[in-house]
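In: this one's sequence-less:
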DNA sequence: CTGAAAGCGCTAACAG
DNA sequence: CTGTTAGCGCTTTCAG
């Protein structure tokens, strides 16, 4: 069935299209009486304004884009939830683009934004992103952008992150306090600033405790699960295995559990593990996993809140350049 | 910076707008030479067609809506991934609406569709949805719809589900085979057909084994986590507790683990558990959880594939009314 | 092969 | 207070 439009309403009520339009937007130019007639009929006919027509006219769409590496990931899922909650409140629609950790997809997604389809963008960059030329285009496009979690440091957009360096430092210190001597770092792409911060937190904690960093214990992983399992397997079954692991990525901690189950390595007796993670089941793993838990929902929520202020150009005075929401270390049996 | 449009290109090349438009759409009316000039310039200027203008004109938006109860849920996250993968392939944009298990949100989301903003809808209904009047509006709107997982049985839209009845039957039989005598069923809203199917599978498996169903062991849960924990707690600490639990909802299985940890109840010795679940960590729980795992990614992927055929009116002959993708029972220690 | 022109539904300036 | 009109950028007849 063809949806009702302004013309339908105008015809029915013997009014002009513009009067109907103004009435619906509650313009001061229109009499109460007319407004009532119009809104009543609109409700009756389930009138919904055509978003293309008004988008075309007003150059705004009440839509934002969320560009993230993946959705099957507890952190991004929770962040997404935080974004959606506030978007729904504000009456915005949310378009999602997954880059699948692939640069070409990220570029394609950004190119979509050029068309004016969305009023703003929330973004977490993919692990392949090293050079920023495509992100700089965001500047040219002149669209509000807020980065969250995996931010791009040298671009002039607000950033919402967690205290990656401090948390990583604490995590490492936690292992040291648990008497670990050979602590491994499981990280991801060196292109990501959050990974570098976590790595630095790790290194500085070692240094502060006069432990020499062993390059053999600092592993960078990519997105290939099979390969990652092998790397972890050879590390743990090789000579001089670590007695503590700080994983900067949830997936790698789960992989480590898998390997330990396979090789019958006892956690925490033979190796202790702490990981950045938003697993809801961390407490029920065998053994329960000590985590650095990021406030994922809040990060998404806050990033979206800033974006909406940017879009609606309200309170522009107090748009922060950076927001850092603290993560929480929750000690469980895997580091006991 | 203002994005390039057809006029920009036309002016630059001394061509008419319509020629440029046709050239970009590779019309047979346009010479190869002109096409090349146009596409080259378009690439150079990063031309992206204005989606509002073409949406307005063509009454199609290359956009679909996904309406789901929640995103912080392993099943829906994976389904979403399946949807996104094929949508991206097909060049479609994906709008997500979360109903948060609330009928009023579901109605609001459906009302958004009326405007022609999207070309099709993928939907999983919320647990509050009993009466279908708002879903019937989908019919009036005349937009392609495909239901997945939480389908609405009596509406004439394709449905993609898993074999809920059979899987529930198997799950219950699995507990019976493991020597459970008092098997509890943890379910959700009675409004959802999948819940009824799972409950029926449970009941029929009991019947087939000449076990009398005990109403005290059949629990319906809602979305209130605290309350659910209490209910499970009193069941397990009461007299005549179950020696087996079949949970139709992942979250309830996790809640059960929590209570068992609290009350120091040994799984599987005192109570065995099997649950519908897409937890990636099921194997690493203490103890590993026996699951009925739905092919969540595939369900999303298949539902989207059907939707796109519907939208593009291709292969309309073989649009299935129903697709059932099988779940897998993976036996682990929680039922050993 | 190319161009002119109408119109999708809405908004906003301007007239009345 | 209400109506007329132009035009957002694109597609699509229809003419040439």
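Out: Looks like it came in fine. None of the values given here were measured: they were computed from a predicted structure.
In: Please point out which parts of stretch A:127-140 sit buried.
Out: Of all the residues in stretch A:127-140, those buried under the rule 16 or more other Cβ atoms under 10 Å in any protein chain shown are A:127, A:128, A:129, A:134, A:135, A:137, A:138. C-beta coordinates here come from the backbone N, C-alpha and C atoms, glycine included.
In: Give me the distance between the fourth one and DNA strand D.
Out: The reference is to residue A:134. Remark: distance between residue A:134 and DNA strand D (Cβ to the nearest atom of the strand, to the nearest Å) = 21 Å.
In: which SSE is that residue in?
Out: Assigned by DSSP states H and E, residue A:134 belongs to helix A:133-141.
In: contacting residues around residue A:125?
Out: A:69, A:106, A:135, A:147, A:150, A:151, A:152, A:192 (Cβ atoms under 8 Å, 6 or more residues apart in numbering or on different chains).
In: Dump those to a markdown table, plus secondary structure, distance to residue B:272 and pLDDT.
Out: Below are the contacts of residue A:125 laid out as a markdown table (DSSP: H, G, I helix; E, B strand; the rest coil; distance: Cβ to Cβ, whole Å; pLDDT from 0 to 100):
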| residue | secondary structure | distance to residue B:272 | pLDDT |
| --- | --- | --- | --- |
| A:69 | coil | 38 | 97 |
| A:106 | helix | 46 | 95 |
| A:135 | helix | 52 | 86 |
| A:147 | strand | 47 | 97 |
| A:150 | coil | 42 | 96 |
| A:151 | coil | 46 | 95 |
| A:152 | coil | 50 | 91 |
| A:192 | coil | 43 | 93 |
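In: ranges for the helices of chain A?
Out: Ranges of helices in chain A, per DSSP state H, are A:6-13, A:17-24, A:32-44, A:51-58, A:74-90, A:103-113, A:133-141, A:164-177, A:193-208, A:225-237, A:250-263, A:296-311.
In: Tell me which residues are up against the longest one.
Out: By Cβ under 8 Å, 6+ apart, the list of residues contacting helix A:74-90 from outside reads A:64, A:66, A:68-71, A:93-94, A:96, A:122, A:124, A:148-149, A:250, A:277-280, A:294, A:296-305, A:308, B:70-72, B:77, B:96-98, B:105.
In: list the buried ones in that helix?
Out: Applying 16+ other Cβ under 10 Å to helix A:74-90 flags A:74-88 as buried.
In: wait, which of these is closest to DNA strand D?
Out: Of all those, residue A:87 has the smallest distance to DNA strand D: 25.0 Å, by Cβ to the nearest atom of the strand.
In: any idea how far residue A:297 is from the closest one?
Out: 13 Å (Cβ to Cβ, to the nearest Å).
In: State the distance from residue A:236 to residue A:253.
Out: From residue A:236 over to residue A:253 the distance is 13 Å, taken as Cβ to Cβ.
In: Give me the more crowded residue out of the two.
Out: Comparing residue A:236 with residue A:253 by other Cβ atoms under 10 Å in any protein chain shown, the one with more neighbours is residue A:253, at 28 against 19.
In: which residues touch that one?
Out: Residue A:253 touches A:186, A:245, A:247, A:273, A:275, A:277, A:289, counting by Cβ under 8 Å, 6+ apart.
In: now residue A:42
Out: With contacts defined as Cβ under 8 Å, 6+ apart, residue A:42 is in contact with A:4, A:9, A:24.
In: Highest neighbour count among the residues you listed?
Out: So for those (other Cβ under 10 Å), the most neighbours sit at residue A:9, 24 neighbours.
In: With adjacent residues omitted, what lies nearest to residue A:309?
Out: residue A:315 (5.3 Å; Cβ to Cβ, 6 or more residues apart in numbering or on different chains).
In: Ignore what I typed, I meant residue A:197.
Out: Computed as Cβ to Cβ, 6+ apart, the closest residue to residue A:197 that is not its neighbour in sequence is residue A:164, at 3.9 Å.
In: do residue A:122 as well
Out: Residue A:122's closest residue in space is residue A:66 (Cβ to Cβ, 6+ apart), at 4.8 Å.
In: Residue A:284 now?
Out: Counting by Cβ to Cβ, 6+ apart, residue A:284 lies nearest to residue B:257, which is 4.4 Å off, once chain neighbours are set aside.
In: I'd like to know how many residues surround that neighbour.
Out: 24.
In: Check the gap between it and residue B:250 for me.
Out: For residue B:257, the distance to residue B:250 - Cβ to Cβ - is 11 Å.
In: and if you look at residue A:164?
Out: 30 Å.
In: Return the distance of the closest residue to residue A:189 other than its chain neighbours relative to DNA strand C.
Out: Nearest in space to residue A:189, with sequence neighbours left out and distances taken as Cβ to Cβ, 6+ apart, is residue A:127 at 3.6 Å. For residue A:127, the distance to DNA strand C equals 41 Å [Cβ to the nearest atom of the strand].
In: Likewise for residue A:314?
Out: Note on residue A:314: its distance to DNA strand C, by Cβ to the nearest atom of the strand, is 17 Å.
In: So which residues on the stretch 1-150 of chain A come close to DNA strand D?
Out: Contact residues, the stretch 1-150 of chain A versus DNA strand D (Cβ under 7 Å from any atom of the strand): A:14-19, A:22, A:28-34, A:53, A:56-57.
In: DNA strand C next: which of those are close?
Out: Applying Cβ under 7 Å from any atom of the strand to those, those adjacent to DNA strand C are A:17, A:18, A:22, A:53, A:56, A:57.
In: Excluding covalently adjacent residues, which one is nearest to the third one?
Out: What sits nearest to residue A:22 in space, not counting adjacent residues and going by Cβ to Cβ, 6+ apart, is residue A:30, at 5.1 Å.
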